[in-house]
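> sequence? don't have it. structure:
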């Protein structure tokens, strides 16, 4: 296990209760959002994953994050508009 993987494991254990509210960028350049979503830079924008499901591609990181926030708050109509 690399030092980064060990740190991430410790981070997840220590901050488990905070994960539903955290947004951070990992070493791969992807954003981990609320412990449930992942925003990955793509050639055509930003691809969003919810768990392991590919949600779609958004033009900007801001719109991708907005979709994650709407989905988390169960604002499904707003999420569809994005």
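That came in fine, so what should we check first? Bear in mind that the values here come from a model prediction, so they are computed numbers and not experimental data.

> and the helices in the chain, which stretches?
Secondary structure of the chain (DSSP state H): helices located at 3-14, 61-72, 76-81.

> buried set for the helix or strand bottoming out on mean pLDDT in the chain?
When each helix and strand of the chain is scored by mean pLDDT, DSSP states H and E, helix 76-81 comes last, with a mean of 76. Using 16 or more other CB atoms under 10 Å as the test for burial, helix 76-81 gives residue 79. (Each C-beta comes from the backbone N, C-alpha and C, glycine too.)

> show me what it is packed against.
For helix 76-81, the packing partners by 3 or more CB pairs under 8 Å, 6 or more residues apart in numbering; DSSP states H and E come out as helix 61-72.

> other residues contacting the helix it packs on?
23, 31, 33-34, 36-37, 39, 41, 45-48, 50, 55, 58, 76, 78-79, 82 (CB atoms under 8 Å, 6 or more residues apart in numbering).

> thinking again about what came up before, so what touches the least confident helix or strand of the chain?
67, 70, 71.

> confidence score at the nearest residue to residue 82 once chain neighbours are set aside?
Distances taken as CB to CB, 6 or more residues apart in numbering put residue 67 closest to residue 82, at 4.6 Å, once the chain neighbours are dropped. Looking at residue 67, its pLDDT is 94.

> just give me the neighbour total for residue 67.
25 (other CB atoms under 10 Å).

> what's the distance between it and residue 22?
According to CB to CB, to the nearest Å, residue 67 stands 17 Å off from residue 22.

> circling back to that earlier point, let me know the closest of the contacts of helix 76-81 to residue 15.
Minimum distance to residue 15 across those is 21.6 Å, recorded for residue 71 (CB to CB).

> understood, closing this out.
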